[in-house]
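Asks: mind looking at a prediction? Sequence and model below.
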Amino acid sequence: MHLLPPKAKDKGAALLVEIHQVLKNWIKGQLFGFLFIGVLTGLGLWALGMPLILTLALIAGLLNFIPNFGPVIALIPAGLIGLTQSTTTAILVLCLYTFIQVVQRAVTQPLIQKKMVSVPPALIIFGQVAMGLLAGFWGVLLATPVIAIIMTVVNKLYVEKQSRHKYEVKKANS
């Protein structure tokens with residue numbers, strides 16, 4: 001804020017409030033996804049008669065914060081514990097985790113992202129790939145909130161300004 005000229009401080013403050021709200025909504029969406037994955041994983045593991053249900057459900061939920069690779073990492077301990085029971089149990093655990101992730105990625109995650117952050121899924125995937133190439137693991141992890149911030153800044157500083165300008169030109173010509 002100190003770097004902005006005096007006449008731009010109000011716009012800068014409004015933009016920071018907007019970015020704060022977007023990040024807050026993103027965190028809420030992530031927490032909802034964490035709960036969804038954790039509860040479904042816990043119920044599924046309970047139905048399979050697995051030990052350490054709460055621990056494995058917590059790991060699955062927490063690692064869901066890591067896009068694309070988190071669910072795979074969460075599957076490793078659950079699959080290994082399933083192998084201690086039987087090969088069939090390990091296969092059922094794999095199927096359970098896959099089913100939960102398919103439902104999460106295809107149904108709940110797009111709805112959460114659309115409701116909370118309004119970032120198109122294709123843009124999120126492109127951003128994850130691009131930022132993963134640029135910054136590795138941390139780029140993939142932080143791609144969605146960074147894209148949400150960039151979209152907010154572009155919308156506030158450019159798109160809304162262009163829309164107001166077109167409206168004013170149209171009104172002046174009428």
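Replies: Looks like it arrived, so ask away. This structure is a prediction, so every number in the text was calculated from the model and none was measured.

Asks: in terms of helices and strands, where is F36?
Replies: Per DSSP states H and E: F36 is located in helix 9-48.

Asks: centre of the chain to that helix, how far?
Replies: Distance of helix 9-48 from its chain centroid, counting by Cα atoms, centre = their mean, to the nearest Å, is 7 Å.

Asks: now stretch 43-53
Replies: Taking mean C-alpha positions (Cα atoms, centre = their mean), stretch 43-53 and its chain are 26 Å apart.

Asks: restrict it to CA atoms and write it as PDB.
Replies: Listed next in PDB are the C-alpha coordinates belonging to stretch 43-53 (Å, rounded to 0.1, in the frame of the first residue of the first chain):
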ATOM      1  CA  LEU A  43     -16.400 -44.900   6.200                       C
ATOM      2  CA  GLY A  44     -15.000 -47.000   3.400                       C
ATOM      3  CA  LEU A  45     -12.100 -48.300   5.400                       C
ATOM      4  CA  TRP A  46     -14.500 -49.000   8.300                       C
ATOM      5  CA  ALA A  47     -16.700 -51.000   5.900                       C
ATOM      6  CA  LEU A  48     -13.600 -53.000   4.800                       C
ATOM      7  CA  GLY A  49     -12.700 -53.700   8.400                       C
ATOM      8  CA  MET A  50      -9.300 -52.000   8.200                       C
ATOM      9  CA  PRO A  51      -7.300 -51.000  11.200                       C
ATOM     10  CA  LEU A  52      -6.100 -47.400  11.800                       C
ATOM     11  CA  ILE A  53      -9.200 -45.900  10.200                       C
END
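
Asks: buried residues, it. List them.
Replies: Residues G44, L45, L48, M50, I53 are the ones in stretch 43-53 that count as buried (16 or more other Cβ atoms under 10 Å). (Each C-beta comes from the backbone N, C-alpha and C, glycine too.)

Asks: can you check stretch 122-131 too?
Replies: Neighbour-count burial for stretch 122-131 [16+ other Cβ under 10 Å]: I124, G127, Q128, M131.

Asks: I appreciate the help and will end here.
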